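Engineer: Here is a sequence with its predicted model. Questions after.
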Amino acid sequence: MTVAAKPLVETARRPLRDGRRLSLDWLGAVPFLAYVGLFLLLPTTIVVAGSFVGPNGLTLSNLTAMNQSYIVGAFVHSVVVSATSAVLGAVLGAVLAYAVATGNPNGVLRRLVTSACGVLAQFGGVTLAFAFIATIGFAGFITLWLQQHGINIYANGIWLYELSGLVLVYTYFQIPLMVLVFLPALDGIRPQWREATESLGGATWHYWRYVAGPLLAPAFFGGMLLLFANAFSAYATAAALISQGSIIASLLIANTLSSEVGLHQPGLASALALVMVVIVAIVMVLYTVLQRRTAKWLR
Amino acid sequence: MSRNRRLKLQVFRVIVFLVFGAFFLVPIGAMFEFSTRGNTETAPRTLSAWLTIAQSPDLVAAILASLVLAVVTSVGMLVLLVPTMIWVRLRLPRLSRVVEFLCLLPLTIPGIVLVAGLAPEYRWLSINVSESILTLAFVYLVLVLPYTYRTLHTGLAAIDVKTLSEAARSLGAGWATVMGRIIVPNMWSALLNASLLSVAVVLGEFTIANLLNYVNLQVSIFLLGKANAAVSIAVAVASLMFAFLLLVILSFFGRPRTRVARLEEA
């Protein structure tokens, strides 16, 4: 992540003429600011404002209506699925990142793995859900192969299309995201620190416990937070796997936004979206704090 | 590093790559397997699902729409972001933090939340401007900002923008010349990186298109999945391979100049 603490460029600004107090340079930034305002800030404001609007004008009823069990349940499920896939993805992703980082920095393997991680992290969603359906769905490759050997993985219900299946597919794109986020931190570890530890008589365990561990911890936990936010905001995968119902928050928002069965409640949808964005914002603020700590040592 | 430790490291790496390789490649392979199945269990492998892609007009239209959207978004992003970033770097350094914050904000606002607020805007757009799916480019540009900002920022930071622009201006160049003929040619790899990243993001986008009722590549895969699983899986794996190819190409052009110290080296 970039660290723009102080502008590095001292500009030779044009001296203001005719006693003008405001330079015309600001006009150059207007297109960008206007565009972002129109297509990012305005929709967000609409969502925030919309959560306070009911059929009869300003109201808090949308927010109080969220105390229903199916809504709370959806958010709880979202948190559980996101946390589980975040922890799994973080641990496994860190292991994979370590294996990649210890190889040739310009080698083919690293290039291929980083590109694959980039694709999988972006294309998590419909494509990956279908990949898993093709692998362990009803007519999936692995399912059929196991059935031929007498093992029925769906003896207790078709779990792929429920929460546990969601965790599995989420982990599939959480691991690449963790690799992408954690690899720069691993690259920042200097071999000199290992040598210094050894010259002071430390073993591998000492190195990891006292040097590399504490240095990598902010990056690791920051990565885990990012994974949590990523899973919490995800919609496409769940939409592709779970055709009915709203067992997680993003599906709930989608269904209240545009349901054909008459469940369309824009005020409630906005309130749900507000809660989601608040949760994600908190997580991202924590992530930014941890990123700053990482950047201190591991450029 | 002692031979013992090097050996343990290599064994670890081999095991890790084998296990993760299997975990990641098996579903991809399963997609290829699924999309080439014959009609019955004993029928031979067939490419009929793949050939059907070219024969379904809706699918082809969706694929083309996504590709055009990807290009339009990329170009729009470059046109909006590059001059702004150069201008901010040269003339408005105090705004650089604001620009950075705004560019990273889309990471914090989930697509599903953005879509809740975009519905009224897009209703207005479809009535007053156009119903075409290309209007999605407006939103996609915002979605790709976090990834492209980082890339372009690194590219700009690597060249001495101030000196180059002052030298050009002192020789009488206008701002268009400075940006177009001096600075941009020096950041080709960053521009290419940012464009390819935008293309990958646009091709993989589903949430906003689906909830605004447009049919792009991912939405068509999704809709087709219910009707004809084999064809939709064929398209899905093809799009994955395409994006992978793009990013591999990108990795050959975007090597950072700094030398990366090799981890765990003696």
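Structural biologist: Received it, and whenever you're ready, just let me know what you need. Computed from a predicted structure; not experimentally measured. Numbering: from 1, shown residues only, chains lettered A, B, ... in the order given.
Engineer: List the first helix or strand encountered after the helix or strand of chain B with the lowest mean pLDDT toward the C-terminus.
Structural biologist: The helix or strand of chain B with the lowest confidence, counting by mean pLDDT, DSSP states H and E, is helix B:48-55 at a mean of 79. Where DSSP states H and E defines the elements, the next helix or strand beyond helix B:48-55 is helix B:57-91.
Engineer: Find the helix or strand that the spatially closest residue to B:S251 that is not a sequence neighbour is a member of.
Structural biologist: Nearest residue to B:S251, sequence neighbours excluded (C-beta to C-beta, 6 or more residues apart in numbering or on different chains): A:R111, at 4.4 Å. Every residue, glycine included, has its C-beta placed from N, CA and C. Taking DSSP H and E as the definition, one finds A:R111 inside helix A:108-123.
Engineer: which residues are in contact with that helix?
Structural biologist: A:96, A:100, A:103-104, A:128, A:172-173, A:176-177, A:179-180, A:183, B:17, B:24, B:200-201, B:203-204, B:239-240, B:243-244, B:247-248, B:250-252 (C-beta atoms under 8 Å, 6 or more residues apart in numbering or on different chains).
Engineer: what are the ranges of the strands in the stretch 1-150 of chain A?
Structural biologist: A:53-54, A:57-58 (DSSP state E, counting those that start in this stretch).
Engineer: what lines up beside the last one in the sheet?
Structural biologist: It stands for strand A:57-58. Strand A:57-58 sits in its sheet next to strand A:53-54 (antiparallel), going by DSSP bridges.
Engineer: Could you confirm whether stretch B:17-24 reaches chain A?
Structural biologist: Yes. On the criterion C-beta under 8 Å from any C-beta of the partner chain, stretch B:17-24 is in touch with chain A at B:17, B:20, B:23-24.
Engineer: what's the closest of those to chain A?
Structural biologist: For the residues of stretch B:17-24 next to chain A, the residue nearest chain A by C-beta to the nearest C-beta is B:F20; the value is 5.3 Å.
Engineer: Figure out how far the one helix or strand the closest one maps to is from the centre of its chain.
Structural biologist: Per DSSP H and E, B:F20 falls inside helix B:3-35. Centroid separation for helix B:3-35 versus its chain: 26 Å, with C-alpha atoms, centre = their mean, to the nearest Å.
Engineer: buried sites along it?
Structural biologist: Going by neighbour count (16 or more other C-beta atoms under 10 Å in any protein chain shown), the buried part of helix B:3-35 is B:9, B:13, B:16-17, B:20, B:24, B:26-35.
Engineer: Excluding chain neighbours, what is closest to A:A219?
Structural biologist: Among residues not flanking A:A219 along the chain, A:A185 sits closest, at 3.5 Å (C-beta to C-beta, 6+ apart).
Engineer: Check the offset of the helix or strand where that neighbour lies from the chain's centre.
Structural biologist: Using DSSP H and E, A:A185 maps to helix A:163-187. Distance, stretch centre to chain centre, for helix A:163-187: 9 Å (C-alpha atoms, centre = their mean).
Engineer: got the angle for it vs helix A:108-123?
Structural biologist: Interaxial angle, helix A:163-187 versus helix A:108-123 (axes from the mean of the first three to the mean of the last three C-alpha atoms, to 10 degrees): 140 degrees.
Engineer: how distant is the helix or strand just after helix A:163-187 from the center of its chain?
Structural biologist: Next helix or strand after helix A:163-187 toward the C-terminus (DSSP H and E): helix A:191-199. Centroid separation between helix A:191-199 and its chain, computed with C-alpha atoms, centre = their mean, is 34 Å.
Engineer: Rounded mean pLDDT for the helix or strand just after helix A:191-199, please.
Structural biologist: Remark: after helix A:191-199, the chain's next helix or strand is helix A:204-206, criterion DSSP H and E. Mean per-residue pLDDT for helix A:204-206: 86.
Engineer: contact partners of helix A:204-206?
Structural biologist: Under C-beta under 8 Å, 6+ apart, the answer for helix A:204-206 is A:197, B:5.
Engineer: quick one: average pLDDT of stretch B:132-146?
Structural biologist: Stretch B:132-146 shows a mean pLDDT of 89.
Engineer: again, but for stretch B:241-259
Structural biologist: 72.
Engineer: what packs against the host helix or strand of B:I233?
Structural biologist: B:I233 is part of helix B:229-253 when elements are defined by DSSP H and E. In terms of contacts (3 or more C-beta pairs under 8 Å, 6 or more residues apart in numbering or on different chains; DSSP states H and E), helix B:229-253 is packed against helix A:108-123, helix A:126-136, helix B:3-35, helix B:48-55, helix B:57-91, helix B:188-204, helix B:217-227.
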